[in-house]
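Q: Pasting the sequence and the predicted model now:
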Amino acid sequence: MRLFLATVTSCLLATSAFGAQARALSQNERQVCGWGAQIAAEAQQAKLSGVTLYATRKKLQVRKFAKPWMRMTAFGITEQTYNSRSRLKPAAIKQTYYEQCAQHAVAKR
């Protein structure tokens with residue numbers, strides 16, 4: 001019984017800690033992580049659809065980006081997505097990217 005309570009307590013603490021980390025992100029960090037997650041999901045969708053990396057990069061080349069750093073970052077995210085052997089659905093890639101980006105942003109502080 002004690003082990004069970006200790007396990008439940010640990011899970012609750014971990015859950016609340018993750019929630020606190022998510023709230024600790026600034027508005028800008030949330031936007032950047034969301035943007036990157038969207039780029040990763042789009043790249044995964046293209047990869048699973050059979051679109052070549054070359055064609056996907058050509059589409060990114062003509063796409064308008066709000067900030068100068070976004071274009072090269074989008075290329076990097078897309079290339080990493082294509083190099084991955086993952087066959088996860090784009091929604092799962094988007095969620096995973098966002099979570100890891102948020103963890104990175106909190107850890108960077």
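A: Arrived safely. Numbers count the residues shown, from 1 in each chain.
Q: so what's the residue nearest the centre of the chain scoring on pLDDT?
A: Residue closest to the average C-alpha location in the chain (C-alpha atoms, centre = their mean): residue 97, at 1.6 Å. The model reports residue 97 with a pLDDT of 98.
Q: give the contact list for it.
A: Residue 97 is in contact with 33, 36, 37, 40, 41, 77, counting by C-beta atoms under 8 Å, 6 or more residues apart in numbering. C-beta coordinates here come from the backbone N, C-alpha and C atoms, glycine included.
Q: Swap in 7 Å and give it another go.
A: Going by C-beta atoms under 7 Å, 6 or more residues apart in numbering, residue 97 touches 36, 37, 40.
Q: what's the neighbour count on the nearest residue to residue 42 once chain neighbours are set aside?
A: What sits nearest to residue 42 in space, not counting adjacent residues and going by C-beta to C-beta, 6 or more residues apart in numbering, is residue 90, at 7.3 Å. By other C-beta atoms under 10 Å, 20 other residues sit near residue 90.
Q: Report the secondary structure state of residue 51.
A: Using DSSP: H, G, I helix; E, B strand; the rest coil, the structure places residue 51 in coil.
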